[in-house]
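Engineer: model the following, please.
(2 chains)
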Amino acid sequence: MSDLYLSRIRNWFLSSPPAEWAINRLRETLIGSLSQGPIPGHVAFEMDGNRRYARSHKIETVEGHHLGFEALARVLEICYKCGVKVVTVYAFSLENFHRPKYEVDGLMQLAKVKLEQLIQHGELLDRYGASVRVLGRLDLIPPDVLEVVERAVAATSHNTTCVLNICFPYTSREEMTTAIRTTVEEYSTTPRPHSTPFSQSRITQKILSKQGDKPEGLDSIEETPSQSDDHDQDDAVSTATTLHSDPSTQKSEGSEKVAIYPNAETITPETIDKHLYTSGCPPLDIFVRTSGVERLSDFMLWQCHQDTHIFFLKCFWPEFDLWHFLPVLVEWQHRQKQKQREEKPRRVKQA
Amino acid sequence: METNFSKGDAGLGEEPRSRKPPQHQTLTDAHAPTGDDKLLYAMPFSAKDLQRYRKDEKFNHRLMTPEERIKLLKPYLPSPPSRDGARRASLSQVSREERKGKLGVRRFLRRHFHIFVYALIHFYFSIYIRLRQAYHAIGNRLYTVYHHHHHSPELIQRDIKDLSRLPKHLSVILTLEDQGRSGAGLEKLVNEAADIAAWCASIGISQLSIYEKTGILKGYVKETHQTISQRLQTYFGPSFPSVSLGAPHIPPIQSGLLSLSNSPNNDNRKNISILLISAEDGRDSIVDLTKTLAEMSQRKKLQAADITTELVDAELSESVMEEPDLLVLFSPFVELAGYPPWQIRLTEIFHVPDNQGVGYQVFCRALCKFAKAQMRMGR
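Structural biologist: Numbers count the residues shown, from 1 in each chain, chains lettered A, B, ... in the order given. Next comes the predicted model:
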């Protein structure tokens, strides 16, 4: 009983205007202070635990997703105020289509309503200079939602300061497969022929005629100039038609083949990078997964398997707030500083 | 557990279909306070505004007009930088210098205050992290003392006998300590690999993959195999299990015939196959696959549409390895250091915070954690 009273009093106190004001001041101060240090360029969130949160608080699953959306809004605010350039969130996995239909529909409706609101207050994201991108199998989104998605992306595409990537029907393996497929397509299609006024065959002919021209021309000047002109012309024509014709055509065919298909050996990890959904984003610095599950679950595999710092947090996503994100950010900054410190003596040694 | 979840979902599933919006309203209202408790003060919104927002949300945003919502949100938005500048320019006629100076001073002070707080945070954090490291080190030490394997398979088996399931394919990430000079670092690496192989063999894990970024072990397959065999001998005695040690594109070395002939009662369960992988089996193998596919497509042996997740998966698991069930890290925090990205999709990743070096306690705790974890596959 006393516990209940205590929590009531605490809630009353915390929701009183002065306490609220003080907490908001504190938030602002902390965010402002942290942005003085190194700031990650790209952060990914796997928003896990909405349903378990709902279950543990005895509210509906869809309600849990709504609270999850509020958490997302909070986190985005923190990230953009700190100066994070790109935030990627895992909203919907291809595997999620296996969930009960009403829940899938609920999630789709949630996305639709929220994106519609976003379009209605376009200036909201403009204030942060944020643009929305949707990554994934767009063809699997229901048409009415897809239409809203496209409008939202178009409405914010002019913002360049920061990016919100929403992974919506997404799995990382699908992303990698798509990247491989588009790379293969790029390397096995002919580049469009240049429409320049200069014809290549004419140029080769000219070069050939000049090559044929020079030595014999010099010789012929010494002998008889009048004859040489005719001879030269004949010679040039003959070289173009008979002597060099066969090898030259063969050569051009050969070179065309190379031109048609760029060398597959020139494919590098960067080529694949360029074909991923996240192309153009800075490398992933922090990966956060909530709800205590320690798996990547098919999210950002290609992006996070190198030197990304991966954090698995115990809290459920709807609870996620500055107080959970702060330790992550501070620890990352701490490690970043440590790394610098370790690198310095090495550099000195090398010098 | 999985069935439990699906049951729960199914139970919920019957309700919403028959429910109408007003009913929904009452239902959530009855439960809302429990959910709100924590969030009320966690939001940057004031409690009153949050309640208004949630009420509106429950009616699918039909309660408020967009203008009202904007009014609600406005105080919480940062001021747009461009407007700020414009306002200052227009106001500047009378007291431009004074105002500018004032703003400048204020910004200067705020900036320095922030730098001060930043330094303070990091000062306290570095103290905190030292304490945490010490605390974890003591905890790990105690665990090590309590659970020591004493090179005996029986003791190791006793540690894991209560576990409900074991990984079929276990993977570890090891790090080469010294850069460049392959002396002590290499020896340490080989020893660590041998220890882990012995632990796996003791509990009957038949497949082990050892990831090391530089791939230096691949150059010493024979020596590593010898060390592992010797280590197994110290654990199991003369009838130690057979080992096959290989790497992608390197044929595996089977355990010598000697051990097989010496041990007629050697049960198959304990045979262990070990795979050495490195950074080149990660991104580079995917790039190589892309090259091959591109060449095939250029020769019209393949349509781009034929490239599916299944095809890529089959190729990569054939030429590199299959998805491991459990990945054990011995580093103080989670960083994958180039581990094959395709294969790590649903792998359970285990690490002990602030742990230093390879230890049996990490291995043991990883298995305990793995037994408790459950897969949901997005459901």
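Engineer: can you pull out the strands in chain A?
Structural biologist: Using DSSP state E, the strands of chain A run over A:42-46, A:86-90, A:130-135, A:162-167, A:286-289, A:309-312.
Engineer: domains in chain A, by residue range?
Structural biologist: When chain A is parsed with automatic domain parsing, its domains come out as A:37-174+A:278-337, A:202-260.
Engineer: tell me the most buried of these?
Structural biologist: When those are scored by mean count of other C-beta atoms under 10 Å in any protein chain shown, the highest mean neighbour count falls to domain A:37-174+A:278-337 (a mean of 19). For the C-beta atoms, the positions are set from N, CA and C on the backbone; glycine is no exception.
Engineer: distance between the ends of it?
Structural biologist: 9 Å (C-alpha to C-alpha, to the nearest Å).
Engineer: assign a three-state SS to the residue nearest to residue B:231 when sequence neighbours are not counted, would you?
Structural biologist: Using C-beta to C-beta, 6 or more residues apart in numbering or on different chains and skipping the chain neighbours, the partner closest in space to residue B:231 is residue B:194 (3.8 Å). The three-state assignment at residue B:194 reads helix, by DSSP: H, G, I helix; E, B strand; the rest coil.
Engineer: I'd say residue B:194 and residue B:223 touch.
Structural biologist: No - the pair residue B:194 / residue B:223 is not scored as a contact, 10.7 Å apart, by C-beta atoms under 8 Å.
Engineer: sorry, back to before: okay, the strands of chain A in JSON lines with mean pLDDT and distance to chain B next?
Structural biologist: Converted to JSON lines, those look like this (pLDDT from 0 to 100; distance: least, C-beta to the nearest C-beta, whole Å):
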{"stretch": "strand A:42-46", "mean pLDDT": "95", "distance to chain B": "12"}
{"stretch": "strand A:86-90", "mean pLDDT": "94", "distance to chain B": "10"}
{"stretch": "strand A:130-135", "mean pLDDT": "91", "distance to chain B": "11"}
{"stretch": "strand A:162-167", "mean pLDDT": "92", "distance to chain B": "12"}
{"stretch": "strand A:286-289", "mean pLDDT": "95", "distance to chain B": "9"}
{"stretch": "strand A:309-312", "mean pLDDT": "95", "distance to chain B": "4"}
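Engineer: any chance of those strands in JSON lines, plus distance to residue B:51?
Structural biologist: Supplementary listing: the strands of chain A in JSON lines, determined by distance: least, C-beta to C-beta, whole Å:
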{"stretch": "strand A:42-46", "distance to residue B:51": "26"}
{"stretch": "strand A:86-90", "distance to residue B:51": "26"}
{"stretch": "strand A:130-135", "distance to residue B:51": "27"}
{"stretch": "strand A:162-167", "distance to residue B:51": "27"}
{"stretch": "strand A:286-289", "distance to residue B:51": "29"}
{"stretch": "strand A:309-312", "distance to residue B:51": "32"}
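Engineer: distance of residue A:13 from residue A:21?
Structural biologist: According to C-beta to C-beta, to the nearest Å, residue A:13 and residue A:21 sit 13 Å apart.
Engineer: and if you look at residue A:6?
Structural biologist: According to C-beta to C-beta, residue A:6 stands 23 Å off from residue A:21.
Engineer: check residue A:157 too.
Structural biologist: Residue A:157 is 37 Å from residue A:21, by C-beta to C-beta.
Engineer: now residue A:151
Structural biologist: Taking C-beta to C-beta, one finds residue A:151 at 37 Å from residue A:21.
Engineer: what of residue A:268?
Structural biologist: Distance of residue A:268 to residue A:21, given as C-beta to C-beta: 54 Å.
Engineer: which parts of chain B are strands?
Structural biologist: B:169-174, B:207-212, B:243-247, B:250-254, B:272-277, B:326-329, B:348-350.
Engineer: show me where the stretch 151-300 of chain A has helices.
Structural biologist: Secondary structure of the stretch 151-300 of chain A (DSSP state H, counting those that start in this stretch): helices at A:172-187, A:200-223, A:225-238, A:245-260, A:269-275.
Engineer: would you mind listing what in the stretch 251-351 of chain A touches chain B?
Structural biologist: Within the stretch 251-351 of chain A, the positions near chain B by C-beta under 8 Å from any C-beta of the partner chain are A:261, A:264-265, A:267-269, A:271-272, A:293-298, A:301-302, A:304-312, A:318-319, A:321, A:323, A:330-331, A:333-335, A:337.
Engineer: ok so, going back, can you list the domains of chain A in JSON lines and add distance to residue B:134?
Structural biologist: Below are the domains of chain A laid out as JSON lines (distance: least, C-beta to C-beta, whole Å):
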{"stretch": "domain A:37-174+A:278-337", "distance to residue B:134": "16"}
{"stretch": "domain A:202-260", "distance to residue B:134": "63"}
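Engineer: which stretch in those is the model least sure about?
Structural biologist: Lowest mean pLDDT within those: domain A:202-260, at a mean of 50.
Engineer: with adjacent residues omitted, what lies nearest to residue B:278?
Structural biologist: Excluding its sequence neighbours, the residue lying closest to residue B:278 (C-beta to C-beta, 6+ apart) is residue B:215, at 2.9 Å.
Engineer: residues contacting the one you found?
Structural biologist: Listed by C-beta atoms under 8 Å, 6 or more residues apart in numbering or on different chains, the contact set of residue B:215 reads B:276, B:277, B:278, B:279, B:280.
Engineer: who touches the first one in this structure?
Structural biologist: I take that to be residue B:276. B:209, B:210, B:212, B:215, B:217, B:218, B:221, B:224, B:245, B:246, B:247, B:250.
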